[in-house]
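Engineer: predicted model and sequence follow; I will ask about them next.
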Amino acid sequence: MPRSLSLKEKVQIIRECQRPGATQSQVAAKWELHRSVVCRIWQQKEKLLADYEAGQSNGCRKRGREGKAPAVDRALFTWLKEKRAQGVLLAGPAVKEKARQLAASLGLNDFKASDGWFTRWKKRFNVACGKEQGGKQSANKPTTEQWQCEKLPRILEKFSRADIYNADETGLYLKGLSSKDRVTVLVCANMDGSDKRPLVMIGTSKRPRCFPVDFRKLPLNYVSSANAWMTGEIFIKWLKKWDRQLYWQSRQICLFLANCSVHPQGVVLTNIQLEFLPPNATSSMQPMAQGVIENMKGHYRSKIASRINVALDVDPSADVQTVLKTVNLLDCVHLVAEAWQDVKPTTISNCFWKGKFVVPEEGGRDEDIAEPEKRACVDETYHNAEDTQESEDDFDEVPSPTNSELLKALNTLRHFSQLEGLGDGVYRVPICCY
């Protein structure tokens, strides 16, 4: 039975044939092969050596079959080698996205960068994505202090405070500690707090029954994944959508991210410059983790507690769990979005400062005069109302609705507002004051 040779063995045969004085007959006898087999290997030596040096096989495969799009395979491997030479660590989603771009540039419109194709491609080229080889990569990483003192200032000086952003994910239990109530929320804002990007909420259900038919009526972006976790695919889609918006605005920004697998490196963007924080420095440097996320969660917990207290005041026989069962995912979506709105720009700006993101101040802080102006407007409105107050005798007495009637009416109006995307005014009605 003919013997199957691995690529590594074929390369060894080629090198033995290249030795001075060696003949194909001698090599065939040594390897116990027919001379025609050695002759065939010698005729293919250029391709076999190129495949071996490029790492197209781990040396154990017996057959060097090419993929359905060999041009894409080779171009992708060349691109990956260049990126790794630059010290860029790439995850699977970013590599697959590059494969799609290469296929499109080659006119291969039927190419599919599926998981199966990607697995076979990695085996053919002996590639391990998202893993550092040995300790070489980590040995070249600058320390957190070096990054803060040397690299960070050079990045910040190229952008204004309004164009410096940070994004981070957090887990949020919507109604308690049950895993089925857990979602992931992506939070993103710029350095001066003037732009709080719409939240991205990741749940497990693709289309919750309580949601409106048109997801665009939601106050945030809702997507789904198997475990309600962020994935590379979801993150890249969010990035590219934002990048297109910035392109039409003719605006360049810098986005700082944690160095993790769900934030793939090498994503091709035109108007977003991605900068990754040093490994293991997220907790001490990432602005969103310095208090922005916790502040948003605090506002959310306060709103849930207020909803529960109002319901218990209306119906003293009810308990907390019973009330929570009446709060659906759509209610939580609106409350989370409202909690994000309640995070002040000064809070965000201070958290960037706490993470050592410092740039020269561009004039005085607007926040220093914002609060007195607001208070003056409120006082003026209050006194004007006192001056124009009519006597109670001029009006017929109208019976006041009960708290139960108020709560029922508010819930009906709130449900209608949710489905029609009419804004969050209904959620801010202070029913507890009645």
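Structural biologist: Sure thing, it's come through. Residues are numbered from 1 along each chain as shown.
Engineer: which residue is nearest the centroid of this structure?
Structural biologist: Centrality entry for the chain: nearest residue to the mean C-alpha point is F235, 3.5 Å, by Cα atoms, centre = their mean.
Engineer: where does that one sit: helix, strand or coil?
Structural biologist: helix (DSSP: H, G, I helix; E, B strand; the rest coil).
Engineer: residues near K112, how many?
Structural biologist: 13 (other Cβ atoms under 10 Å). For the C-beta atoms, the positions are set from N, CA and C on the backbone; glycine is no exception.
Engineer: contacts only, for the residue nearest to the centre of the chain.
Structural biologist: P93, L186, V262, H263, P264 (Cβ atoms under 8 Å, 6 or more residues apart in numbering).
Engineer: model confidence score at it, please.
Structural biologist: Looking at F235, its pLDDT stands at 96.
Engineer: ditto for N227
Structural biologist: Reported pLDDT for N227: 86.
Engineer: can you pull out the strands in the stretch 251-400 of the chain?
Structural biologist: For the stretch 251-400 of the chain, the strands defined by DSSP state E, counting those that start in this stretch occupy 253-257, 272-276.
Engineer: and among the ones you listed, the most buried is which?
Structural biologist: Highest mean neighbour count among those (mean count of other Cβ atoms under 10 Å): strand 253-257, with a mean of 21.
Engineer: if we can go back for a sec, from W242, how far out is the residue nearest to the centre of the chain?
Structural biologist: F235 sits 11 Å away from W242, going by Cβ to Cβ, to the nearest Å.
Engineer: likewise V343?
Structural biologist: Per Cβ to Cβ, V343 is found 19 Å from W242.
Engineer: count of neighbours near D110?
Structural biologist: 7.
Engineer: picking that back up, quick one: which of the strands of the stretch 251-400 of the chain is nearest R182?
Structural biologist: For R182, the closest of those is strand 253-257, at 22.4 Å, according to Cβ to Cβ.
Engineer: got the contact list for the closest one?
Structural biologist: For strand 253-257, contacts defined as Cβ under 8 Å, 6+ apart pick out 155, 158-159, 163-168, 188, 190, 246, 263, 271-277, 286-287, 357.
Engineer: one step back: the residue nearest to the centre of the chain and R301, how far apart?
Structural biologist: Applying Cβ to Cβ, the value for F235 to R301 is 27 Å.
Engineer: then A189?
Structural biologist: Taking Cβ to Cβ, one finds A189 at 20 Å from R301.
Engineer: now the spatially closest residue to P279 that is not a sequence neighbour. Its backbone dihedrals?
Structural biologist: Spatial nearest neighbour of P279, chain neighbours left out: N259 (5.1 Å); criterion: Cβ to Cβ, 6 or more residues apart in numbering. Here is the backbone geometry of N259 (degrees, to the nearest 10): phi -90, psi 90.
Engineer: tally of neighbours for N259?
Structural biologist: If we define neighbours as other Cβ under 10 Å, then N259 has 16 of them.
Engineer: same question, V310
Structural biologist: Neighbour count of V310, defined by other Cβ under 10 Å: 19.
Engineer: confidence score at it?
Structural biologist: 84.
Engineer: and what of the one 5 residues further on?
Structural biologist: What the model reports as pLDDT for D315 is 83.
Engineer: with W340 instead?
Structural biologist: Predicted confidence (pLDDT) for W340: 98.
Engineer: my read: it touches K196, true?
Structural biologist: Yes - counting by Cβ atoms under 8 Å, W340 does reach K196; the two are 6.2 Å apart.
Engineer: which one's more surrounded, the two?
Structural biologist: Set side by side, W340 and K196 show more neighbours around W340, with 22 against 17, by other Cβ under 10 Å.
Engineer: residues in contact with that one?
Structural biologist: Taking Cβ under 8 Å, 6+ apart as the test, what W340 contacts is V187, K196, L199, L220, M296, H299.
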